[in-house]
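S.K.: Give the three-dimensional model of this entry:
(chains A, B, C and D)
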Protein chains: 2
Amino acid sequence: MSHLGYPCLMALDRDHVLRSAAALLTRKSTATMDEVARAAGISRATLHRHFAGRDALVRALEALGIEECEAALDAARLDEGPATDAVHRLVREIEPAAGLLAFLYTENQLFEGEEQNQGWTRIDDRVAGLFRRGQRSGEFRIDLTPAWLTEALYGLLASAAWAVSEGRVARKDFTHMIVELLLGGALRREES
Amino acid sequence: MSHLGYPCLMALDRDHVLRSAAALLTRKSTATMDEVARAAGISRATLHRHFAGRDALVRALEALGIEECEAALDAARLDEGPATDAVHRLVREIEPAAGLLAFLYTENQLFEGEEQNQGWTRIDDRVAGLFRRGQRSGEFRIDLTPAWLTEALYGLLASAAWAVSEGRVARKDFTHMIVELLLGGALRREES
DNA sequence: CCCAGGTGAGACATGAATGTCTCACCTGGG
DNA sequence: CCCAGGTGAGACATTCATGTCTCACCTGGG
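M.R.: Now for the predicted structure:
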């Protein structure tokens, strides 16, 4: 049966393994294949049947991260309405993937290679485009470049994900904290 | 001579090795002891004469990072004047150490151990105290906790250091970008 | 019942990084 | 000149994660 294509359970298992690995590696980026396997409730042998090796696993996680990121970008409808609201929607949509993104963000070996997954470039462009749109519409200040605002958003997402998993801040405040700091800043203001 | 204490050149060499290692590991956190040695212009044997092993090297880097951080905190005189200005001074003073801090920030194995260097706790407290002072004085908004503002500052420092080393943003804008985003946010405003 | 396919457990080899050691060099001070 | 101390080069053993393999199990469908 299986030689007619991957079994129906395979995809579910694979996804489950991927989620477990993401959750574990987010906390302990140096976890061994054995730890990853046990975290997913399977044996190391079975883990190797799903992913050829650690490299393949990380690549699969990268693909998953890109996929969830682009799904969040789609769901946030970046082109609609005020850029401010679009940023808010984006952060809200991306929150579930923030842990995985934080892991991939620190896995800089992914980017030092000659061929980095161009999915990240696509994502960068879309996010930077959102900030550029906000600048053109007069919503965002123009002395901070879209590239920096994009990097800053990534950094805040990673910081918040890390802080939440450490219990230093409440998970329910995730979106509010990031959006308010990124857009509003820490200064108190009189107006509105 | 050397048995009377460490030779005078030892400290300089050790510091030079530490700086080189910090610069290299900031770019490539998985660099081997051999790469670290060659980056410092010494042999692996000599590197092992300075630091018992990779673990000792990372610990020394951690101590260096804490030291530079506290030196920056001292130089920024966090208790003087408006908190806004103190934040500005802090970022300016901490900029040279940002690369090293970014490396240590991702080296989360340092924190998962039972005994984390309490230097970080001291630093956290001082930074959070600065934000708390700004809130009490009415300069900073109170709906963002000092703990989150502290984490956000770390995240922005790491993001900026990484973006600068990747050439995505200009090094000369480092302090301005961080301070303006952290305090002012991305929104354009009419008033001053 | 029987068996094909997936699984877990574990043995085994491999490779890489590490830590330790020896030895020759060379350099500067006595 | 001589030599003590630091150094570089390299051999060597060790450790650990990884990748591959075999084998027994057991489970569900024919």
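
S.K.: after the lowest-mean-pLDDT helix or strand in chain A, next one along is what?
M.R.: Every helix and strand of chain A was ranked by mean pLDDT, DSSP states H and E. The lowest is helix A:109-112, at a mean of 67. On the C-terminal side of helix A:109-112, the closest following helix or strand by DSSP states H and E is helix A:118-136.

S.K.: tell me which residues of that following helix are tucked away?
M.R.: A:120, A:123-124, A:126-128, A:130-135 (16 or more other CB atoms under 10 Å in any protein chain shown). For every residue, glycine as well, the C-beta is placed using N, CA and C.

S.K.: same question, stretch A:134-143
M.R.: Using 16+ other CB under 10 Å as the test for burial, stretch A:134-143 gives A:134-135, A:139-141.

S.K.: How about stretch A:25-40?
M.R.: So for stretch A:25-40, counting by 16+ other CB under 10 Å, buried means A:25-26, A:29, A:31, A:36-40.

S.K.: likewise stretch A:89-104?
M.R.: For stretch A:89-104, by 16+ other CB under 10 Å, it's A:89-95, A:97-104.

S.K.: Could you list every helix and strand in contact with the lengthiest helix in chain A?
M.R.: Identified as the longest helix of chain A according to DSSP state H is helix A:54-76. If you count contacts as 3 or more CB pairs under 8 Å, 6 or more residues apart in numbering or on different chains; DSSP states H and E, helix A:54-76 packs onto helix A:8-27, helix A:33-39, helix A:83-94, helix A:98-106, helix A:118-136.

S.K.: DNA strand D contacts on chain A?
M.R.: A:32-34, A:44-45, A:48, A:52-55 (CB under 7 Å from any atom of the strand).

S.K.: mind checking how far A:A63 is from A:L24?
M.R.: 18 Å (CB to CB, to the nearest Å).

S.K.: the more surrounded of the two?
M.R.: A:L24 (17 against 13; other CB atoms under 10 Å in any protein chain shown).

S.K.: does the more buried one really touch A:M33, like I thought?
M.R.: No - counting by CB atoms under 8 Å, A:L24 sits too far from A:M33 to count as a contact (11.1 Å).

S.K.: hmm, back to that, out of the helices and strands packed on helix A:54-76, which is closest to A:R188?
M.R.: Among the helices and strands packed on helix A:54-76, the nearest to A:R188 by CB to CB is helix A:83-94 (18.9 Å).

S.K.: Could I get the CA-only coordinates of that closest one as CSV?
M.R.: Only the C-alpha atoms of helix A:83-94 are listed here, as CSV (Å, rounded to 0.1, in the frame of the first residue of the first chain):
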residue,chain,number,x,y,z
ALA,A,83,-0.9,50.4,7.7
THR,A,84,-1.2,50.6,11.5
ASP,A,85,-4.1,48.2,11.5
ALA,A,86,-2.3,45.9,9.1
VAL,A,87,0.7,45.7,11.5
HIS,A,88,-1.6,44.9,14.3
ARG,A,89,-3.3,42.1,12.3
LEU,A,90,0.1,40.8,11.2
VAL,A,91,1.5,40.5,14.7
ARG,A,92,-1.7,38.8,15.8
GLU,A,93,-1.6,36.3,13.0
ILE,A,94,2.1,35.6,13.4
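
S.K.: now the residue in chain A that DNA strand D sits nearest to, nearest residue through space, not along the chain?
M.R.: Chain A approaches DNA strand D most closely through A:G53 (2.4 Å), counting by CB to the nearest atom of the strand. Once flanking residues are discounted, A:G53 sits nearest to A:M33: 8.0 Å by CB to CB, 6 or more residues apart in numbering or on different chains.

S.K.: Let me see the contact set for the one you found.
M.R.: Going by CB atoms under 8 Å, 6 or more residues apart in numbering or on different chains, A:M33 touches A:44, A:47-48, A:53-54, A:57.

S.K.: Please apply the same query to A:A147.
M.R.: A:128, B:163, B:168-169.

S.K.: What distance do you get for A:P96 to DNA strand C?
M.R.: 26 Å (CB to the nearest atom of the strand, to the nearest Å).

S.K.: wait, that residue sits on A:A71?
M.R.: No - using CB under 8 Å, A:P96 is not in contact with A:A71, being 10.1 Å away.

S.K.: how close does the residue nearest the centre of chain A get to chain B?
M.R.: Computing the C-alpha centroid of chain A and ranking residues by CA atoms, centre = their mean puts A:L101 first, at 3.0 Å. Distance, A:L101 to chain B, using CB to the nearest CB, to the nearest Å: 13 Å.

S.K.: That residue contacts A:G155, correct?
M.R.: No - using CB under 8 Å, A:L101 makes no contact with A:G155, being 11.0 Å away.

S.K.: hang on, the earlier thing: can you list residues touching both of A:P96 and A:A71?
M.R.: Counting by CB under 8 Å, 6+ apart, nothing touches both A:P96 and A:A71.

S.K.: got a list of what the residue nearest to the centre of chain A touches?
M.R.: With CB under 8 Å, 6+ apart, A:L101 has these contacts: A:65, A:69, A:94, A:154, A:157-158, A:161.
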